[in-house]
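Trainee: The sequence and its predicted three-dimensional model are supplied below.
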Amino acid sequence: MAKIFCVANQKGGVGKTTTSVNLAAGLAKLDQRVLLVDLDPQGNATMGAGINKAGLKSSIYEVLLGEADVNTARMRSEAGRFDVLPSNRELAGAEVEMVQLEQRERRLKDALAAVDSEYDFVLIDCPPALSMLTLNGLCAAHGVIIPMQCEYYALEGLSDLVNTIKKVHANLNTDLKIIGLLRVMFDPRMTLSQQVSAQLEEHFGDKVFKTIIPRNVRLAEAPSYGIPGVVFDPASKGAQAYIAFGAEMVKRIKTM
Ligand code: ADP
Ligand code: MG
C-alpha cells in the first residue's frame, strides 16, 4: 500500500511544486513507484513533469467529480519515470461544483483507493490556499511535508496550516501527521537563513528534515524544458539534495 503525502503550505512561491516534482523524480531514481497528484489548477507540476496541461483528455477535475477514474486520467512522465494525475485550470471550477456532492472532502481519498497498491509513494502537490482542494489532499494523506524558506516571514501563517492539520486529524483523518518541515531555497551565505534554520530546529526538533534544499538555478530552469531538475542536471546541488531527500523519505516510511 502506498504512503500518501501532501506537499502543502498555503503561501504561494515557497517551493511546493518544485519539491513535489523533484521528490517524485528522486524517489523514482531510488526505484520507488510514484504517483504525483497535481491538485493545483495552475498545473505547474503537470507541466514540470513534461505533460502538456492544454491537451489533457481527462484530468483530476473529472476524477474529483466522479466522471473519470484515476486509471483513465493518469499519465506517464517519461522524463521523470513516475505517473502523474494531471491538472489544468478546469480544476478551479471543481471547488464550486463539489459543493453539491456528498462527502466532498473525501473524493480524492476514495479515487486513490483504486490504485493505492500500485505505488510506494503518492505525492500531492497542493494549491496555495487552505481550500476544499487542499482539504481533499489532507483527507487522503498519511502525512504532510511543509516546504519553507528560511526568511523572516517563514513562520507567519504556519500556525494556520498547523491548526488546519490538527482539525483534519481530529475530525476527518486520524492517520494525518506532519511528517516534517523542509528547508528550501536555502542560501547558506545569508546569516538570516542560518538563524531561521536554527530556530526551526529548536522549535520543531525532529519534525525538521535533515536534508536542506539549496537555492539552485538549475532547479528553476528545469520546468521550462518539462524535465524535473533531478533529471535535467543530476549533478547539480539542487538535484543532489532532492535525491538525498528521497532517501530520507524512503527511510522515514519504514518507521510509519
Ligand atoms: P509553489 O509551488 O509553492 O508556488 P514553486 O515550486 O513553483 O512554488 O517555486 C516558486 C519559484 O521558485 C519557481 O520559479 C521555482 O522555479 C523557484 N524555486 C523553487 N525552489 C527553488 C530552489 N531550490 N532554487 C531555485 N529556485 C527555486
Ligand atoms: Mg505550485
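Mentor: Nice, thanks for sending it over. What you are looking at is a predicted structure, and each value in this text was computed from that prediction instead of being measured. Ligands and ions are numbered 1, 2, ... in the order given.
Trainee: Check A8 and give its pLDDT.
Mentor: Reading off the confidence values, A8 has pLDDT 98.
Trainee: so it sits right up against L135, yeah?
Mentor: No: using CB atoms under 8 Å, A8 is not in contact with L135, being 10.5 Å away. In this view, the C-beta of every residue, glycine as well, is placed from N, C-alpha and C.
Trainee: So the two - more neighbours on which side?
Mentor: A8 (26 against 20; other CB atoms under 10 Å).
Trainee: any idea how far that one is from ligand 1?
Mentor: 9 Å (CB to the nearest ligand atom, to the nearest Å).
Trainee: which ones are touching that residue?
Mentor: Counting by CB atoms under 8 Å, 6 or more residues apart in numbering, A8 touches K16, C126, T134, G137, L138, V144, I145, I146, L161.
Trainee: go on, L161?
Mentor: With CB under 8 Å, 6+ apart, L161 has these contacts: A8, N9, Q10, L130, I146.
Trainee: since we're on the third one, how many residues are nearby?
Mentor: Spelled out, that is Q10. Using other CB under 10 Å, Q10 has 18 neighbouring residues.
Trainee: for the last one, same thing?
Mentor: Residues near I146, counting by other CB under 10 Å, number 25.
Trainee: Please name the spatially closest residue to it (chain neighbours excluded).
Mentor: Spatial nearest neighbour of I146, excluding adjacent residues (CB to CB, 6 or more residues apart in numbering): L181 at 5.0 Å.
Trainee: what is that neighbour paired to in the beta sheet?
Mentor: I146, V208 (DSSP bridges).
Trainee: what helix or strand is the residue of the stretch 101-250 of the chain found nearest ligand 1 on?
Mentor: As assessed by CB to the nearest ligand atom, ligand 1 sits closest to A220 within the stretch 101-250 of the chain, at 3.6 Å. Assigned by DSSP states H and E, A220 belongs to helix 217-221.
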